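> predicted model, plus sequence, below.
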Amino acid sequence: MIASPDKIAEEHNVKTSNLLTLFVMTEKGLKFVEQAISQFRNIIAEVVIGQDGALTNDYSQEIADVCAASGIKFSQRKDFQTITSKYAMAISWRWLINHPPEKLIVFHDSLLPKYRGFAPLVNALINGEHTVGVSAIFGASEYDRGDIIHQASVQIRYPITIADAITAVGDCYLSSGMAVLETLASGQPLKAKAQDHRLATYSLWRDDEDYLIDWSLSAAKIRRMIDAVGAPYRGAFCLVDGAPARILAAEDLDDVQIENRTCGKVIFVEDGLPVVVCGTGLLKVTACVCDEGGGSLLPLSKFRVRFN
């Protein structure tokens, strides 16, 4: 006796209903969950949500709301117990996941083997990379060394803010992610290829000190750094005549000949906006706020100002 199509679909849903646990956080995680639920709801066993206090909005509540509205089981990271599904998948995740490497799928914000490690997109923007993307890999005993399941890339142009770059890379997440989910839902094995470890580069973890502006660098690199650590991050940090401040936006300008070059000094003021001397080039600060009260420090109240 041949089973009806409805019966086959019902049996398939039973087999795949406990196939995948998603570990997600941030805006990328939100968009991924929305798309995954809309297309592959039946294979999702649970969504585990992470929080990031360094972000102005970590989207943990929005992710929870999407899961609740769709009837998908979810939990916060601190409350999660154990993985009961066959596969686990991590999107924009910061913590180790205890699951067999060959059943753990990790999404990384770079085109591996370049930028293994931490904050790869931020560091890629600071370095001026023109191609960024996402790699879906299997877990491994050493971070970001797993075999590559799928990659997606996008070309970017400068200047670009981290917010716009996150949006661009988010499309790569959806492209790679849905390709992987489609394979899982079909019951086919995931195919992967080994990384060329000879080409590996590493991206170091970042902390509060990495928000500090080094005025001895070129104006172009400082501007890329300011754009790369802006919202949803805290913003580039410096002292303006000793007062703690966050520079939120700036423009790099052509250099002039300076006989006694001193990085950080204001050389011009244009419509109340300071032009600061850098290692090479000049930087016009267009948005700067007090780090303590959040009020704008522009226009400058005086000309002789030092940015440290």
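Arrived safely. Numbers count the residues shown, from 1 in each chain.
> got the domain ranges for the chain?
Listed by automatic domain parsing, the domain ranges of the chain are 5-203, 209-290.
> show me how far the last one is from its chain's centre.
Right, the one you point to is domain 209-290. 23 Å (CA atoms, centre = their mean, to the nearest Å).
> could you work out the end-to-end span of that domain for me?
Length of domain 209-290, first residue to last, CA to CA, to the nearest Å: 17 Å.
> what do you get for stretch 50-60?
7 Å.
> residues in contact with that stretch?
23-27, 29-30, 49, 76-77, 93-95, 231-234 (CB atoms under 8 Å, 6 or more residues apart in numbering). C-beta here means a position set from N, CA and C on the backbone, and glycine is covered the same way.
> which ChimeraX command selects the buried ones in those residues?
Buried members of those can be picked out in ChimeraX with the line below, counting by 16 or more other CB atoms under 10 Å:
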select :23,24,25,26,27,29,30,49,93,232,233,234
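> can you flag which of the contacts of stretch 50-60 belong to helices?
Thr26, Glu27, Gly29, Leu30 (DSSP state H).
> tell me which of these has the lowest pLDDT.
Within the set of the ones in helices among the contacts of stretch 50-60, pLDDT is lowest for Glu27 (88).
> which ones among the contacts of stretch 50-60 are found in strands?
Taking DSSP state E, the ones among the contacts of stretch 50-60 that sit in strands are Phe23, Val24, Ile49, Gln76.
> in TSV, list those along with pLDDT and distance to Glu102.
Formatted as TSV, these follow (pLDDT from 0 to 100; distance: CB to CB, whole Å):
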residue	pLDDT	distance to Glu102
Phe23	98	17
Val24	97	21
Ile49	98	25
Gln76	96	27
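> contact partners for Val180?
Listed by CB under 8 Å, 6+ apart, the contact set of Val180 reads Met89, Ile105, Ala136, Ile149, His150, Leu190.
> how much space between the last one and Gly146?
Okay, so that is Leu190. 11 Å (CB to CB, to the nearest Å).
> which neighbours do those two have in common?
Phe138.
> what's the next secondary structure element after the longest helix along the chain?
The helix spanning the most residues in the chain, taking DSSP H as the definition, is helix 162-186. As assigned by DSSP states H and E, the chain's next helix or strand after helix 162-186 is strand 202-203.
> how far is that next one from where the chain is centred?
On the basis of CA atoms, centre = their mean, strand 202-203 sits 14 Å off its chain's mean C-alpha point.
> and for it, what's in contact with it?
So strand 202-203 is contacted by Ser110, Tyr115, Arg116, Gly117, Phe118, Ala119, Pro120, Asn123, Ala124 (CB under 8 Å, 6+ apart).
> just the closest of those to Gln81, please.
Phe118 (27.1 Å; CB to CB).
> state the distance from that closest one to His108.
Distance, Phe118 to His108, by CB to CB: 10 Å.
> more neighbours: the two, which one.
Neighbour tally, Phe118 and His108, criterion other CB atoms under 10 Å: the higher count belongs to His108, 26 against 16.
> and the more buried one, bridged to which residues?
Ser135 (DSSP bridges).
> close enough to count as contact, it and Phe138?
No. With contact defined as CB atoms under 8 Å, His108 does not reach Phe138; the gap is 11.4 Å.
> chain center to the longest helix of the chain: distance?
13 Å.
> likewise for stretch 153-171?
Distance, centroid of stretch 153-171 to centroid of chain: 10 Å (CA atoms, centre = their mean).
> report the buried residues of stretch 124-140.
Result for stretch 124-140 [16+ other CB under 10 Å]: buried residues Ala124, Leu125, Ile126, Glu129, Val132, Gly133, Val134, Ser135, Ala136, Ile137, Phe138, Gly139.
> the first one sits in which helix or strand?
Right, Ala124. helix 120-126.
> go on, the fifth one?
Assignment of secondary structure by DSSP H and E places Val132 within strand 131-138.
> and the angle from that strand to helix 162-186?
For strand 131-138 against helix 162-186, the angle by axes from the mean of the first three to the mean of the last three CA atoms, to 10 degrees is 30 degrees.
> need the next SSE after strand 131-138, C-terminal direction.
Sequence-wise, the next helix or strand downstream of strand 131-138 (DSSP H and E) is strand 148-155.
> average pLDDT for that following strand?
Rounded mean pLDDT across strand 148-155 is 98.
> mind giving me the packing neighbours of it?
strand 131-138, helix 162-186 (3 or more CB pairs under 8 Å, 6 or more residues apart in numbering; DSSP states H and E).
> which of these has the highest mean neighbour count?
Highest mean neighbour count among those (mean count of other CB atoms under 10 Å): strand 131-138, with a mean of 23.
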